[in-house]
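[1] Structure for this input, please:
(2 chains)
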Amino acid sequence: MKLITAVVKPHKLEDVRAALETFGVTGMTVTEASGYGRQKGHTEVYRGAEYEVDLVPKVRLEVAVEDGDSADVVDVIVKAAQTGKIGDGKVWVTPVETIVRVRTGERDGDAL
Amino acid sequence: MTLMEINAGDTAWVLVSAALVFLMTPGLAFFYGGMVRMKSVLNMMMMSAITIGVVTVLWIVVGYSLTFGGDNGGVIGNFSAAGLKGLLAPEAVSGTIPTLSFVAFQLMFAIITPALISGAIADRASFRGWIVFVALWTSLVYFPVAHSVWFLDGEGGGGFIGTGIKAVDFAGGTAVHVNAGAAALALAIVLGKRIGWRKDPMRPHSLPLVVLGAGLLWFGWFGFNAGSALSAGTTAAITFVNTQAATAAAVIGWLIVERIRHGKATTLGMASGAVAGLVAITPSCGAVTPVGALILGVVAGAICAFAVSLKYKLGFDDSLDVVGVHLVGGLVGSLAIGFLGSAAAPSAVDGLFYGGGAGQLGRQALANLIVGVYSFVVAFILAKLIDKTIGFRVKEDDEVTGVDQVEHAETAYDFLAAAGLRGHSTVRTTAAPVEDTDTDDDAEKKEGVNA
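    Below is the predicted model of the structure:
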């Protein structure tokens, strides 16, 4: 079991969601997030006063998948979220010990 | 003066102009309201709006009479027209218009002048303290200054600045903008800096509101300047064109400075440049040619774009740059008469560039110095008095919470409800608006999304 977390540009969320649905991923968790990477936010100017806006809006997607699917799912996300410009985001994979469906108590693969 | 001398066109123009100038105060409320943080927008708008209430009452009771009713030493009127006594009679005529239309027109100036000051003390003033300040400053500063600048006794005499010093102030660069700007500086100093000034971001919460406000100000300003002709004729037309010319040029002037300094032309810069141009052309709209107005505008826009940084260099928190835009813009426009004044224009003075010598420049400088110092000193004393007695600045906790909530028991925006409605679902577009005809399946899907 793997948890795939992706931080992507908000306007790419729908592309990623659609691509994952096509791939067969059945669910995901989406959180509004903010942060910065190498692009270090941006500068805004109001009457000569400069404001460094460090945190830019992002969305964070979390998808739990079987081990064998994780590489493909990462590829799907990267392909769908890519614009080629700075600030496209990151995707990372974390091992997951157990997943339990709250409604039924099913575990792991059955709970996905 | 007899009833026969009333001119319907002039009267219509002045009454329409009064309404245009009135619109500037709600416009100012939008302009200032957009520039403050979310937690202070209502208070900011209320500070403008309450001047409508307080000053209108004052004006009718004694204000008009103290400003334009008779003369005491060229500095103040008297109580002869208190309660607008005698002005309902058909023979109450000023020039070619009923005196009451002049009363209405000038009232709008008296309203917006203190409202301008409020931008200097955004986010931190007690509403009660502000109301008391408006009443006192208007009575002790605006009425005598407006009298000194504008009152004419009909025999060649009148207010000591307009007829003694012979400074030109067609529509209020000295009486309104320098006057308000100097008071704003005093208030910014007495009230002190906002908590977190220069540390926390205090960026404008709504630039669209700022643009809306600037647009309404620009529109209303045609009444302010061209209405000051007090007749529907050549002078009104010249001042109208000059107002447009200077304002448009000031937008360009401000944006050029921004582009050079920061690499971008900003929306706030555009709106600010417009207001700076409007301020600067106010005293001089009857004194310069349209080309002069263009030069004046671009220079004023550029200078004001630099001037708004003064507060950072000098260390006073003039929140919304009343000093940088109104005091400096008013001074630039007023002094410009000494350079760009053309005898061909209605005010009939030649400035330095038109062979008039330095005399007019000196007169303009002296008038603004007197008004600026008087307004600053009285505003400073009044603010100190108010602060020591009923308090002029809200408590620290209240400032952090926000003056909207603390002073008015309201907040401008209900984001909680908006967030609740939005949930976490993805927005999907549909070909046509969907009626609220939930089937069981739809309901299940929604439940699934929100689960």
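[2] And the next helix or strand past the longest strand that chain A contains?
    For chain A, the strand with the greatest residue count under DSSP state E is strand A:56-65. Downstream of strand A:56-65, the first helix or strand assigned by DSSP states H and E is helix A:70-81.
[3] which residue does the stretch 51-200 of chain B bring closest to chain A?
    B:Arg198 (8.8 Å; CB to the nearest CB). Where C-beta positions appear, they are placed from N, C-alpha and C, glycine not excepted.
[4] Each with direction, which strands does the helix-or-strand element of chain A with minimal mean pLDDT pair with?
    Lowest by mean pLDDT, DSSP states H and E among the helices and strands of chain A is strand A:49-53, with a mean of 82. Using DSSP bridges, strand A:49-53 pairs in its sheet with strand A:42-46 (antiparallel).
[5] List the contacts of the strand it pairs with.
    A:50-53, A:56, B:203-204, B:258, B:262, B:264, B:266, B:268 (CB atoms under 8 Å, 6 or more residues apart in numbering or on different chains).
[6] One more: stretch A:23-39?
    So stretch A:23-39 is contacted by A:7, A:10, A:13, A:17, A:20, A:54-63, A:65, A:72-73, A:76, A:86-87, A:89-90, A:112, B:424, B:426 (CB under 8 Å, 6+ apart).
[7] For PyMOL, what selects the buried ones among those?
    In PyMOL syntax, the buried subset of these is picked out as below (16 or more other CB atoms under 10 Å in any protein chain shown):
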select buried, chain A and resi 7+13+17+20+56+58+59+60+61+63+65+73+76+87+89+112
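[8] Residues of the stretch 151-300 of chain B that sit close to chain A?
    B:201, B:203-204, B:258, B:261-262, B:264, B:266, B:268-269, B:272 (CB under 8 Å from any CB of the partner chain).
[9] hmm, 7 Å instead?
    B:201, B:203-204, B:261-262, B:264, B:266, B:268-269, B:272 (CB under 7 Å from any CB of the partner chain).
[10] now the least confident helix or strand of chain A: how far from the chain's centre is it?
    Remark: strand A:49-53 is offset 28 Å from the chain centroid, using CA atoms, centre = their mean, to the nearest Å.
[11] And for stretch A:80-91?
    Distance, centroid of stretch A:80-91 to centroid of chain: 11 Å (CA atoms, centre = their mean).
[12] and the end-to-end length of that stretch?
    12 Å (CA to CA, to the nearest Å).
[13] Touching it from outside, list them.
    A:4, A:6-9, A:12, A:15-16, A:19, A:37-39, A:56, A:58, A:74, A:77-78 (CB atoms under 7 Å, 6 or more residues apart in numbering or on different chains).
[14] Would you mind listing which of the contacts of strand A:42-46 are buried?
    A:56, B:203-204, B:258, B:266, B:268.
[15] Can I get these in JSON lines including pLDDT and secondary structure?
    Output for those, formatted as JSON lines (pLDDT from 0 to 100; DSSP: H, G, I helix; E, B strand; the rest coil):
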{"residue": "A:Val56", "pLDDT": "83", "secondary structure": "strand"}
{"residue": "B:Arg203", "pLDDT": "91", "secondary structure": "coil"}
{"residue": "B:Pro204", "pLDDT": "96", "secondary structure": "coil"}
{"residue": "B:Glu258", "pLDDT": "96", "secondary structure": "helix"}
{"residue": "B:Thr266", "pLDDT": "97", "secondary structure": "coil"}
{"residue": "B:Leu268", "pLDDT": "98", "secondary structure": "helix"}
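[16] Just name the closest of those to B:Gly83, please.
    B:Pro204 (42.1 Å; CB to CB).
[17] Could I get the contacting residues of that closest one?
    A:46, B:34-35, B:210, B:268.
[18] how about those, which pair is most distant?
    A:Tyr46 and B:Gly34 (11.2 Å).
[19] Which one of those two is surrounded by more residues?
    B:Gly34 (24 against 20; other CB atoms under 10 Å in any protein chain shown).
[20] and the more buried one, how far is that from B:Ala345?
    35 Å (CB to CB, to the nearest Å).
[21] Equivalent analysis for B:Pro98, please.
    28 Å.
[22] More neighbours: which of the two?
    The neighbour comparison of B:Pro98 against B:Ala345 (other CB under 10 Å) goes to B:Ala345, with 27 against 23.
[23] Contacts only, for the more buried one.
    Here B:Ala345 is in contact with B:238, B:286-289 (criterion: CB under 7 Å, 6+ apart).
[24] what's the spacing between it and B:Leu296?
    Applying CB to CB to B:Ala345 and B:Leu296 gives a distance of 12 Å.
[25] Please enumerate the shared neighbours of those two.
    By CB under 7 Å, 6+ apart, the residues touching both B:Ala345 and B:Leu296 are B:Val288.
[26] sorry, back to before: now do the same for the residue of the stretch 51-200 of chain B closest to chain A: its pLDDT.
    As predicted, B:Arg198 sits at a pLDDT of 88.
[27] Could you do B:Thr11 as well?
    Model confidence at B:Thr11, given as pLDDT, is 98.
[28] Might you list the low-confidence residue ranges for chain B?
    Filtered on pLDDT under 70, chain B yields the residue ranges B:1-4, B:416, B:418-451.
[29] where along it do the strands fall?
    B:93-94, B:97-98.
[30] Parallel or antiparallel, list what pairs with the first one.
    Sheet pairing here is set by DSSP bridges, and for strand B:93-94 it gives strand B:97-98 (antiparallel).
[31] outside of the strand it pairs with, which residues touch it?
    B:6, B:10-11, B:14, B:92, B:230.
[32] swap the cut-off to 6 Å and go again
    Identification of contacts with strand B:97-98 by CB atoms under 6 Å, 6 or more residues apart in numbering or on different chains yields B:10-11, B:14.
[33] Check the offset of the longest strand of chain A from the chain's centre.
    On CA atoms, centre = their mean, the centre of strand A:56-65 falls 3 Å from that of its chain.
[34] Give the pairing partners of that strand; include direction for each.
    Assessed with DSSP bridges, strand A:56-65 is paired to strand A:2-8 (antiparallel), strand A:29-35 (antiparallel).
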